[in-house]
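> Take this sequence and fold it.
(one chain, ligands or ions: 1)
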Amino acid sequence: MRYLPVGNRSIRMAAAVAALLAAESVAALAGAGEADAPTAAAVTALQCGHLIDTANGKMLGATTIVIEGRKIKEIVDGAKPPAGAHIIDLATQTCMPGLIDAHTHLTSETSRTQYVDKFHWNIADYAVRSTVYARRTLLAGFTTVRNLGDTENESVALRDAINAGVLAGPRIYTAGKAIGSTGGHGDPTNSYRSDLAGDPGTAAGIINSDEDAVKAVRLHYKLGDDLIKIMPSGGVLDESTSGDNAQMTLEEIKAVVATAHDYGFAVAAHAHGAEAIRRAVIGGVDSIEHGTYMDAEDMKLMVEHGTWYVPTIIAGDFVARQAKVPGYYPAQVAVKAAAIGPLIQATAGRAYKAHVKIAFGTDAAVYPHGQNAHEFELMVGAGMPPMFTIQAATISAAQLLRHDRDLGTVAAGKIADVVAVPGNPIDDISLMKRVSFVMKDGVVYKLNAVPVDTAQ
Ligand SMILES: [Zn+2]
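Okay, the predicted model is just below:
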């Protein structure tokens with residue numbers, strides 16, 4: 001099936017929604033579909049059984065969310081839709097802001113053949129598959145993601161296609177290619193035989209000096225990226241020996257951060273080792289990703305600097321389990337996965353107790369896309385209260401993204417990103433894996449647990 005331009009797609013979507021709604025709503029939705037900007041004029045009322053107030057960490061009772069166009073117009077106590085509004089009945093469901101995953105890689109996905117595929121697949125193969133991963137992520141309730149590393153800046157094309165309404169997916173803020181050092185976790189030819197390894201330079205995100213760092217960041221600006229991802233420590237899924245050694249100097253990190261901040265970019269730092277984390281925090285990065293061997297001194301520094309922590313427990317959990325499957329990973333990767341993977345959950349629990357700021361992120365692609373919400377269960381398992389984990393995936397992640405004026409809360413004037421689950425997720429956090437309603441930018445993508453854009 002070919003995706004149609006945005007106007008027509010929204011008309012088809014409106015028709016699909018209408019088929020699932022009460023009869024009196026059908027005529028109004030059909031009318032909305034005939035307008036030039038199909039989502040702009042219609043008023044929709046979401047009648048929620050409960051609403052999670054993420055700003056105050058409170059579960060509210062029955063609430064009506066009034067949506068006009070792509071924005072939330074007002075919040076009304078009880079089931080009181082304005083006259084003439086299209087009503088969506090979510091009386092048995094708990095509404096909350098659209099979820100945010102602060103660490104994804106939407107243009108690839110784990111598989112038994114992933115280390116061979118990269119010699120067979122063109123970038124177009126990854127790009128085509130990314131459209132499926134994006135839709136799966138959106139239908140799981142994640143209306144916004146940070147994309148922290150791709151291969152050829154292809155996530156920019158995915159972002160732009162989603163923003164243009166060409167295909168269904170989350171709102172993407174992308175770092176493009178990660179920036180790292182020669183032979184490090186970000187080196188795309190790490191561990192290859194010598195005639196294939198070559199010497200990738202700044203265009204491939206590989207830096208070895210302050211000057212390289214400045215140029216690499218400016219290249220990201222030129223290519224239209226939204227933020228910067230750096231690799232100051234070793235990582236699990238490349239075939240080098242260490243998963244946690246320090247791979248960037250403090251001076252290189254400072255040069256990246258200073259240049260990035262000049263251009264309005266935040267900097268996310270992949271870091272497992274304690275020394276790499278320390279350098280990244282002192283160097284001024286905005287978030288530490290994974291943070292496996294984060295020690296008490298690192299946590300103290302992060303609190304002092306206001307550095308965010310994005311744990312990605314699900315990725316550690318997945319690689320630790322897959323490391324036991326013979327042949328799933330190359331031998332050296334399996335060794336690192338078995339050592340590092342199981343440790344992240346305990347680190348996340350300690351960081352929570354140490355009052356480090358935590359935002360929700362999963363490293364999607366390391367595990368299959370669409371399972372992002374399992375992270376909620378793992379965060380609760382680490383000792384975090386359910387409400388805290390939902391705030392981490394809404395208001396806190398929005399703050400990390402520097403988009404908390406638009407996202408992360410359900411309030412008048414915000415972008416109309418709303419999801420719902422069937423029941424009370426504070427009592428049963430596993431409900432987060434059963435998102436039953438998804439609205440992004442005022443457009444419904446899932447209703448009564450059914451994706452509406454494939455209903456025709
Ligand atoms: Zn990652």
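> can you give me the helices for the stretch 351-456 of the chain?
Here the stretch 351-456 of the chain has its helices, by DSSP state H, counting those that start in this stretch, at 374-381, 386-391, 397-400.
> got it, and the stretch 101-250 of the chain?
Applying DSSP H, counting those that start in this stretch to the stretch 101-250 of the chain gives helices spanning 114-117, 123-139, 154-163, 194-197, 210-223, 250-262.
> and stretch 117-133, C-alpha only, in CSV?
Taking Å, rounded to 0.1, in the frame of the first residue of the first chain, the C-alpha atoms of stretch 117-133 are listed here in CSV:
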residue,chain,number,x,y,z
ASP,A,117,23.7,-7.7,6.9
LYS,A,118,25.8,-4.6,7.0
PHE,A,119,28.0,-6.0,4.2
HIS,A,120,24.9,-6.9,2.1
TRP,A,121,22.5,-4.1,2.7
ASN,A,122,22.5,-0.6,1.2
ILE,A,123,21.4,2.3,3.3
ALA,A,124,18.0,2.1,1.5
ASP,A,125,17.4,-1.3,3.0
TYR,A,126,17.8,0.2,6.5
ALA,A,127,15.7,3.2,5.6
VAL,A,128,12.8,1.0,4.3
ARG,A,129,12.8,-1.1,7.4
SER,A,130,13.0,2.0,9.6
THR,A,131,9.5,3.0,8.5
VAL,A,132,8.1,-0.2,10.0
TYR,A,133,10.0,0.3,13.2
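> what's the closest of the helices of the stretch 101-250 of the chain to residue 294?
Ranking the helices of the stretch 101-250 of the chain by proximity to residue 294 (Cβ to Cβ) places helix 250-262 first, at 16.4 Å. Where you see a C-beta, it was placed from the backbone N, CA and C, and this is true even at glycine.
> buried ones in the closest one?
252-260 (16 or more other Cβ atoms under 10 Å).
> By mean pLDDT, point me to the weakest helix or strand of the chain.
In the chain, no helix or strand scores lower on mean pLDDT, DSSP states H and E than helix 23-33, which sits at a mean of 36.
> Could you please name the strands the next helix-or-strand element following that one pairs with and the direction of each pair?
As assigned by DSSP states H and E, the chain's next helix or strand after helix 23-33 is strand 43-53. When pairing is defined by DSSP bridges, strand 43-53 lines up against strand 58-60 (antiparallel), strand 63-68 (antiparallel), strand 86-97 (parallel).
> circling back: with mean pLDDT as added columns, please give the helices of the stretch 101-250 of the chain in CSV.
Shown next, in CSV, are the helices of the stretch 101-250 of the chain (pLDDT from 0 to 100):
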stretch, mean pLDDT
helix 114-117, 94
helix 123-139, 97
helix 154-163, 98
helix 194-197, 92
helix 210-223, 97
helix 250-262, 98
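> Tell me which of the ones you listed sits nearest to residue 320.
The closest approach between residue 320 and any of these, judged by Cβ to Cβ, belongs to helix 114-117 at 17.2 Å.
> For that closest one, buried residues please.
For helix 114-117, burial by neighbour count (16+ other Cβ under 10 Å) applies to residue 115.
> helices or strands next to that helix in the packing?
With contacts taken as 3 or more Cβ pairs under 8 Å, 6 or more residues apart in numbering; DSSP states H and E, helix 114-117 sits against no other helix or strand.
> Name the residues that touch that helix?
108, 111, 125, 329-330 (Cβ atoms under 8 Å, 6 or more residues apart in numbering).
> do you know how far residue 178 is from residue 370?
23 Å (Cβ to Cβ, to the nearest Å).
> who has more neighbours, the two?
Shown here are residue 178 and residue 370; by other Cβ atoms under 10 Å, residue 178 has more neighbours (25 against 18).
> re earlier: rebuild the helices of the stretch 351-456 of the chain as JSON lines, extending it with distance to residue 145 and mean pLDDT.
Listed next are these as JSON lines, based on distance: least, Cβ to Cβ, whole Å; pLDDT from 0 to 100:
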{"stretch": "helix 374-381", "distance to residue 145": "13", "mean pLDDT": "98"}
{"stretch": "helix 386-391", "distance to residue 145": "17", "mean pLDDT": "98"}
{"stretch": "helix 397-400", "distance to residue 145": "9", "mean pLDDT": "98"}
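> can you tell which of the ones you listed is closest to residue 51?
Closest approach to residue 51 among those (Cβ to Cβ): helix 386-391, 11.9 Å.
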